[in-house]
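# okay, predicted coordinates and the sequence, questions at the end:
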Amino acid sequence: MKKKNSGVTLIELVAVIGIIAVLFLITAPFYRNFQTKLLLKSSSESISSYIKNAKSLAINYNRKFSIIIDPIQSKISTYDYIDTDPDNPFVSDTDAIARRDQEVAEAGDVKSDAIQNVSDYTLPGQLEITTSGAITQITVSSSGSMNGCSIWIKNKSGDSCYTVTTTTTGAIRIYDYEKPQN
């Protein structure tokens, strides 16, 4: 009786490896696009959650909180402050930072009536953040209302974008935009 070889020939092995390589080359760009979209979506949801947290803090502590957006550092910070001047309900972000720095320099730490950084959120390095117009601050009142603002989170190539939008009534919405294919 003759024994039959039940092994795989070298040609069959090379053919299977070639097919796998072609499939990988076809799917790699789709996977990269999927990964970028997933990063954009999770970052926009994190920013939305971050704003909702500031709104919750403002309502719970019955005082104003400020969310400052820094497009240069791709960072969002929440500040807690008790406004001692009733005639000035809104403090600009540069005034807020200057006042906080002055309080820290004078007292060695932040006093209870100073502006205090509650938390920061920094976007991953592949993403950029921009805002609508010159608005780089969202002020959340003790009732939960806030000034309207749109925050765009996009990848460096600019082909995908998510927008987190706040309304004056305190609603926070996320929109997905994609650059049209030419």
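Sure thing, it's come through. The structure presented is a predicted model; accordingly, all values stated were derived computationally and were not measured. Residues are numbered from 1 along each chain as shown.

# can you list contacts of stretch 156-175?
The contact list for stretch 156-175 (Cβ atoms under 8 Å, 6 or more residues apart in numbering) reads 33, 36-37, 40-41, 43-45, 47-48, 51-52, 55, 126-128, 138, 140, 143-155, 176-179. Every C-beta, even on glycine, is put in place using the N, C-alpha and C of the backbone.

# so of the residues you listed, which ones are in helices?
33, 36-37, 40-41, 43-45, 47-48, 51-52, 55 (DSSP state H).

# CSV for the residues you listed, including distance to residue 26 and neighbour count?
Below are these laid out as CSV (distance: Cβ to Cβ, whole Å; neighbours: other Cβ atoms under 10 Å):
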residue, distance to residue 26, neighbour count
33, 13, 13
36, 18, 17
37, 18, 16
40, 23, 22
41, 24, 15
43, 28, 20
44, 29, 23
45, 30, 13
47, 34, 22
48, 35, 18
51, 40, 24
52, 40, 15
55, 45, 22
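
# can you find the helix or strand in the protein with the smallest mean pLDDT?
helix 93-107 (a mean of 56; mean pLDDT, DSSP states H and E).

# name the next helix or strand following it along the chain.
strand 116-122 (DSSP states H and E).

# ok, that following strand: who's next to it in the sheet?
strand 75-80 (antiparallel) (DSSP bridges).

# mind listing what's buried in the partner strand?
Buried residues in strand 75-80, counting neighbours by 16 or more other Cβ atoms under 10 Å, are found at 76-80.

# quick one: average confidence on it?
For strand 75-80, mean pLDDT is 81.

# and what of stretch 131-148?
80.

# and the contacts of it?
Looking at what lies outside stretch 131-148 - Cβ under 8 Å, 6+ apart - the contacts are 51, 54-55, 57-59, 61-71, 90, 92-93, 96, 149-152, 165-170.

# got it, and stretch 23-33?
residue 160.

# average pLDDT for that stretch?
Here the average pLDDT along stretch 23-33 is 86.

# coming back round to it: only the buried subset of the contacts of stretch 131-148, as a ChimeraX command please.
Entered in ChimeraX, the line below selects the buried ones among these, by 16+ other Cβ under 10 Å:
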select :51,54,55,57,58,59,64,65,66,67,68,69,70,93,96,149,151,152,165,166,170
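
# sitting in strands, which of the contacts of stretch 131-148 do you find?
Those of those mapping onto strands are 65-70, 149-152, 165-166, per DSSP state E.

# distance to residue 16 for those - can I get that in CSV?
Listed next are those as CSV, based on distance: Cβ to Cβ, whole Å:
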residue, distance to residue 16
65, 60
66, 60
67, 55
68, 56
69, 52
70, 52
149, 55
150, 51
151, 48
152, 46
165, 50
166, 54
